[in-house]
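>>> Predicted coordinates and the sequence they were generated for:
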Amino acid sequence: MRVCEVESLAVPGRFVIVNRHPITALAEQFDDLAALEGLDWSLMKATMWRDTDADGDRKFRRQAEFLVHQHVPIEAIRIVGAMTETVARRAATVLAALPNPPPIIVRRGW
């Protein structure tokens, strides 16, 4: 499920993709959405992503980033995810001021 349309955020000069935690010397920055294909998506979906003896870079690769300069417009957000009904109610209160607030979905596994 897509919660945000990255294509609408990919304005040249206003976003960057970092392929692992930016603190590492191996981190690379990209300004092209094609770089998303090079991320380790199986690791992104994994429940456990700590480093192992066979792969000592899992933790840093899991911390890849898609950064947007200054702000993300609310129109780009398709849904808001919450882990509990309490959090969903708080989010609904905040979003109620918007003319077309995105729907809120509760999933404990998020």
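Yes, it's here. Numbering: from 1, shown residues only.
>>> Tell me how far residue 86 lies from residue 79.
Distance, residue 86 to residue 79, by CB to CB, to the nearest Å: 18 Å. Every residue, glycine included, has its C-beta placed from N, CA and C.
>>> out of these two, which sits in the busier spot?
It is residue 79, of residue 86 and residue 79, that has more neighbours when counted by other CB atoms under 10 Å, with 13 against 10.
>>> Could you pull up the residues touching residue 68?
By CB atoms under 8 Å, 6 or more residues apart in numbering, the residues touching residue 68 are 9, 14, 15.
>>> Can you tell me how far it is from residue 34?
Taken as CB to CB, the span from residue 68 to residue 34 is 17 Å.
>>> And the strands in this protein?
For the chain, the strands defined by DSSP state E occupy 15-18, 29-30, 65-68, 80-82, 104-106.
>>> Relative to the whole chain's centre, how far out is the third one?
Right, strand 65-68. Here the centre of strand 65-68 is set off from its chain's centre by 8 Å, with CA atoms, centre = their mean, to the nearest Å.
>>> and it, which residues are buried?
By neighbour count, and taking 16 or more other CB atoms under 10 Å as the criterion, the buried residues in strand 65-68 are 66, 68.
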